[in-house]
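# Model the following, please.
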Amino acid sequence: MTKSNIALPFLFTLLTFIDLSTSSSNVFNVVSFGAKPDGVTDSTAAFLKTWQAACVSAVSSTVMVPTGTFLVKGITFTGPCKSKLKFQVAGTVVAPADYRAFGNSAYWILFNRVSKMSLVGGTFDARASGFWACRKSGQNCPPGVRSITFNAATDVIISGVKSMNSQISHMTLKGCTNVSVRNVKLVAPGNSPNTDGFGVQSSTGITFTGSTVQSGDDCVSIGPGTRNFLISKLNCGPGHGVSIGSLAKTLNEDGVENVTLSSSVFTGTQNGVRIKSWARPSNGFVKNVFFQNLIMKNVQNPIIIDQNYCPSKQGCPTEQSGVTISQVTYKNIQGTSATQQAMNLVCSKTNPCTGITLQDIKLTYNKGTPTTSYCFNAVGTSLGVIQPTSCLNR
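Numbering: from 1, shown residues only. Have a look, this model is predicted:
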C-alpha cells in the first residue's frame, strides 16, 4: 500500500450507516417540548427532553431545532440510542452570555457514546468575548468549555454546521471511530486565545473535508492516539495551521499514524503544517504522514518540525524528545512564506527524524526572494525541485 493510500480504506464505509430520511411522525421538535426561540429563555431542559424522547424511539428519528434563536446552557446528549438519529438544526443555538454560567465544566454541548447519528446544519454561538477578555487580563478565569464535543462516538456524520466564538475549542472528537465531518465553518477572531478549530485525539477513521477554519489557535489539532485521519479541501486562516501535537506530554503516550492532509489552502497563518513534541521523554511516535497539494499564502512557518517544544522552559529536564518521527512526506507545497526561513525541521537530539521525503516544494519570500531552510537531525530524501534548498541528511 502506498503512503498516499494509507488513510483511505475506511472512507468507503463512511456513508453507508445513516439513512437521513425520516417520516414526519418521527420528528421531535424542541419547541413541542418547551423550547423558546427567543434567545433569552433557558431551553436546556427542553432540548434534553426532546433528545430523550427521540433516543428511545424504535424507528429512525429526527430531533428538530427550527428557525429562531435558542439559549442552551451546558448539556450532555447521551447514547447509544435505540435507532438512527438525526439532529437537525435550522436555527441558532447560543450559550449564556455570562461565561461564568459554565462553572468549571469543560463542555458546552457534549454528545457522549452516541452511535449512528448525524448532526446537520445550524449555527452554534458560544458568545465567548467576555471569557477571552478574562483570559487576556490575567484574571482567575474558569478553564473554559469546548463548544461541540463527541466522546466515544461511532458512525457519525457532522455536516453543514457553523460554530462561532468558542471559549476554547470549537469541535472536538475523543475516543471516536468512523466519523465524517464535512462542510463545516469554525470561526473565531485571530486574536482569541486558544480557540482551536477541529481537534482529534484517541480516534480512528476520521475525515474532515470541505471546511473553513478561522481561529486564534490551531485550525486542526491532532493529538495522541489518532489513526487513519484524512483532511482535504481545508481553508485555514487566520490561525496556527495544522498541528500534530503537542506530543510527549506524558511518558506513556499513544502514537499518531496514517494522517493525510491534501488539497488545502493556508492564508496568513502562524504555521502551515507542523509536528511538535515536548523536549522530554516519551514512548510516543509519529509515522506515515502525508502532506500534499498545499498552497501557502504569507504563512510564517510553512513547514516545521519542532521537537524542542518547551514554551515555559520548565518540565523539560533532559531537553530532548523521546517521540520518534518517521515516514513523513511533503509533496507539491507551493506559495509564499512570511519569513525567509520557510522550512525548519528540528528533530530530537537522541531520535532523528527518518524517512522524511521532500518532493516538489516551491516557497518564496518577499516578492520572490529565495527562502532558506534549517534541519537538525532530520534524515531523508529530496525529489524534484526543492525551494528552499533541502537541508536533509541522507
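
# partners of the helix-or-strand element of the chain with minimal mean pLDDT in the sheet?
When each helix and strand of the chain is scored by mean pLDDT, DSSP states H and E, strand 369-370 comes last, with a mean of 88. Using DSSP bridges, strand 369-370 pairs in its sheet with strand 353-365 (antiparallel).

# Give me the phi and psi for the spatially closest residue to residue 152 that is not a sequence neighbour.
In space, and not counting its chain neighbours, residue 152 is closest to residue 175: 4.4 Å by Cβ to Cβ, 6 or more residues apart in numbering. No exception for glycine: its C-beta is placed from N, CA and C like everyone else's. Main-chain dihedrals, residue 175, degrees, to the nearest 10: phi 70, psi 30.

# quick one: residue 175 and residue 114 touch, right?
No: in this structure residue 175 lies outside contact range of residue 114 using Cβ atoms under 8 Å: 11.9 Å.

# mind showing which ranges of this protein have poor pLDDT?
For the chain, the stretches with pLDDT under 70 are 1-25, 317-318.

# for it, longest helix please?
When the chain is parsed with DSSP state H, its longest helix is helix 44-55.

# Other residues contacting it?
By Cβ atoms under 8 Å, 6 or more residues apart in numbering, the residues outside helix 44-55 that reach it are 26, 28-36, 61-63, 65, 70-75, 77-79, 81-82, 85.

# again, only this time at 7 Å
28, 30, 33-35, 61, 63, 72-73, 75, 77, 79, 81-82, 85 (Cβ atoms under 7 Å, 6 or more residues apart in numbering).

# Keeping just the C-alphas, turn whichever helix or strand comes after that helix into PDB.
Sequence order places strand 61-65 as the next helix or strand after helix 44-55, per DSSP states H and E. Extracted as PDB, the C-alpha positions of strand 61-65 are listed here (Å, rounded to 0.1, in the frame of the first residue of the first chain):
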ATOM      1  CA  SER A  61     -36.000   9.700  14.300                       C
ATOM      2  CA  THR A  62     -35.100  13.400  14.000                       C
ATOM      3  CA  VAL A  63     -34.500  16.000  16.700                       C
ATOM      4  CA  MET A  64     -35.600  19.300  15.000                       C
ATOM      5  CA  VAL A  65     -34.300  22.700  16.100                       C
END
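
# Indicate each strand paired with strand 61-65 and its parallel or antiparallel sense.
With DSSP bridges as the test, strand 61-65 pairs up with strand 27-29 (parallel), strand 85-89 (parallel).

# higher neighbour count, residue 175 and residue 114?
Neighbours per residue, other Cβ atoms under 10 Å: of residue 175 and residue 114, the larger number sits with residue 114, 26 against 15.

# quick one, what contacts residue 219?
197, 213, 234, 236, 239, 241, 242.

# Now do it against residue 272, distance only.
10 Å (Cβ to Cβ, to the nearest Å).

# Out of the strands paired with strand 61-65, which is the most enclosed?
Here the criterion is mean neighbour count by mean count of other Cβ atoms under 10 Å, and of these the winner is strand 85-89, at a mean of 23.

# would residue 130 count as being in a helix?
Yes: Residue 130: assigned to a helix according to DSSP: H, G, I helix; E, B strand; the rest coil.

# what are the ranges of the strands in the stretch 201-350 of the chain?
204-209, 212-214, 220-222, 227-232, 235-236, 242-247, 256-267, 271-278, 285-299, 301-309, 324-337, 341-346 (DSSP state E, counting those that start in this stretch).

# Dump the ones you listed to a markdown table, plus mean neighbour count and distance to residue 358.
Formatted as a markdown table, these follow (neighbours: other Cβ atoms under 10 Å; distance: least, Cβ to Cβ, whole Å):
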| stretch | mean neighbour count | distance to residue 358 |
| --- | --- | --- |
| strand 204-209 | 22 | 25 |
| strand 212-214 | 24 | 26 |
| strand 220-222 | 26 | 21 |
| strand 227-232 | 22 | 20 |
| strand 235-236 | 22 | 21 |
| strand 242-247 | 25 | 17 |
| strand 256-267 | 22 | 15 |
| strand 271-278 | 26 | 12 |
| strand 285-299 | 21 | 10 |
| strand 301-309 | 25 | 8 |
| strand 324-337 | 21 | 5 |
| strand 341-346 | 24 | 8 |
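
# Tell me which of those lies nearest to residue 99.
Of all those, the one in closest proximity to residue 99, counting by Cβ to Cβ, is strand 212-214 (20.8 Å).
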